[in-house]
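Trainee: Got a predicted structure here, sequence first:
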Amino acid sequence: MGRRHVAKGDAKDIARDRIDRLFELAEQQAISGNQKLSKRYVSLALRMGERHKVRAGHKRTYCPSCHSYFVPSANMRVRMTGKRITITCLSCGRIVRYPIRS
C-alpha cells in the first residue's frame with residue numbers, strides 16, 4: 001500500500017487540530033496526576049508542530065525545558081514582580097519570565 005498524498009494546506013490544518021487535541025489530553029492527564037503521560041503528549045505536539053511548521057499556540061502552558069504541562073500550585077509557581085510575571089517549574093526548576101503588557 002502506498003501513502004496517500006495530502007495537500008500542504010490540509011496537512012497543516014490536520015496538524016493544528018491534532019496539536020490542540022494533544023494539549024487537551026496533556027491538560028487532562030496533568031490534572032489527574034499522570035505527569036509522565038502529560039509530558040509525552042506535549043512532546044508529541046511540539047514535534048508535530050516542528051514537522052509541519054505550525055506554531056503550537058500554547059506557549060505559556062508548558063515548561064520549555066522539561067515539557068511539563070503547567071498546573072498551578074501542582075508543578076508551577078507564579079509570581080508577579082514589577083513589570084513581569086515569573087513562572088517557576090517545580091519539576092525541573094526552570095524560571096521563565098514574561099513581560100506584563102501595559
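Mentor: Looks like it came in fine.

Trainee: ok, residue 68 to residue 15 distance?
Mentor: 23 Å (Cβ to Cβ, to the nearest Å). C-beta: built from backbone N, CA, C; applies to glycine.

Trainee: low-confidence ranges in the chain?
Mentor: 1-3 (pLDDT under 70).

Trainee: Could I get the full set of helices for it?
Mentor: 8-32, 35-52 (DSSP state H).

Trainee: Residue 68 and residue 15 - which one has more neighbours?
Mentor: residue 68 (24 against 17; other Cβ atoms under 10 Å).

Trainee: Excluding residues flanking it in the chain, which one is nearest the more buried one?
Mentor: Nearest residue to residue 68 in three dimensions, chain neighbours excluded: residue 91, at 4.5 Å (Cβ to Cβ, 6 or more residues apart in numbering).

Trainee: one step back: deepest in the core, which of the helices of the chain is it.
Mentor: Comparing these by mean neighbour count (mean count of other Cβ atoms under 10 Å), helix 35-52 ranks first with a mean of 17.

Trainee: who's in contact with the residue nearest the centre of the chain?
Mentor: Centroid-nearest residue in the chain, with Cα atoms, centre = their mean: residue 62, separated by 4.4 Å. If you count contacts by Cβ atoms under 8 Å, 6 or more residues apart in numbering, residue 62 has them with 26, 42, 68-70.

Trainee: one more time with 7 Å
Mentor: Applying Cβ atoms under 7 Å, 6 or more residues apart in numbering to residue 62 gives the contacts 42, 68-70.
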